[in-house]
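Asker: Predicted model and sequence below, questions to follow.
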Amino acid sequence: MLVIVSYDVSTETAAGRKRLRRVARVCESTGQRVQKSVFECRVDAAQFEELERRLLAEIKLDEDCLRFYRLTEPVEVHVREHGKFRAVDFDKPLVI
């Protein structure tokens, strides 16, 4: 499944800035960054549960915001891209 993860971490304190970096690292380990605080992640149900658990362990619920959007198939109908950035389609052959 394709999951969009977006977050807004309070960075008013040094602890908040560290939290922001940790949240980004968790997302980078699972998906690709499509905007500063938005990631696309192709995961199965178990990987989704693990990602959610790891992110909830990093954020402060009273200061931060974390959102997950699970897109239904076919993704091509639900995602339209405009502008410079183009996401990598991991279902197609990758040329390195």
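Answerer: Noted; the coordinates are in hand. Residues are numbered from 1 along each chain as shown.
Asker: any idea how far residue 26 lies from residue 55?
Answerer: Distance, residue 26 to residue 55, by CB to CB, to the nearest Å: 6 Å. For the C-beta atoms, the positions are set from N, CA and C on the backbone; glycine is no exception.
Asker: pLDDT-wise, which helix or strand of the chain ranks last?
Answerer: Lowest mean confidence among the helices and strands of the chain (mean pLDDT, DSSP states H and E): helix 75-78, at a mean of 70.
Asker: Need the mean per-residue confidence for stretch 4-23.
Answerer: For stretch 4-23, the mean per-residue pLDDT is 96.
Asker: how about the nearest residue to residue 63, chain neighbours excluded?
Answerer: Computed as CB to CB, 6 or more residues apart in numbering, the closest residue to residue 63 that is not its neighbour in sequence is residue 10, at 4.3 Å.
Asker: Residue 4 now?
Answerer: Of all residues not flanking residue 4 in the chain, residue 69 sits nearest, at 4.0 Å (CB to CB, 6+ apart).
Asker: Now do the helices in this protein.
Answerer: 14-28, 45-58, 75-78 (DSSP state H).
Asker: Save those as CSV, and put in mean neighbour count too.
Answerer: Listed next are those as CSV, based on neighbours: other CB atoms under 10 Å:
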stretch, mean neighbour count
helix 14-28, 15
helix 45-58, 14
helix 75-78, 11
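Asker: Reformat these as JSON lines; add distance to residue 5.
Answerer: Converted to JSON lines, the helices of the chain look like this (distance: least, CB to CB, whole Å):
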{"stretch": "helix 14-28", "distance to residue 5": "6"}
{"stretch": "helix 45-58", "distance to residue 5": "7"}
{"stretch": "helix 75-78", "distance to residue 5": "15"}
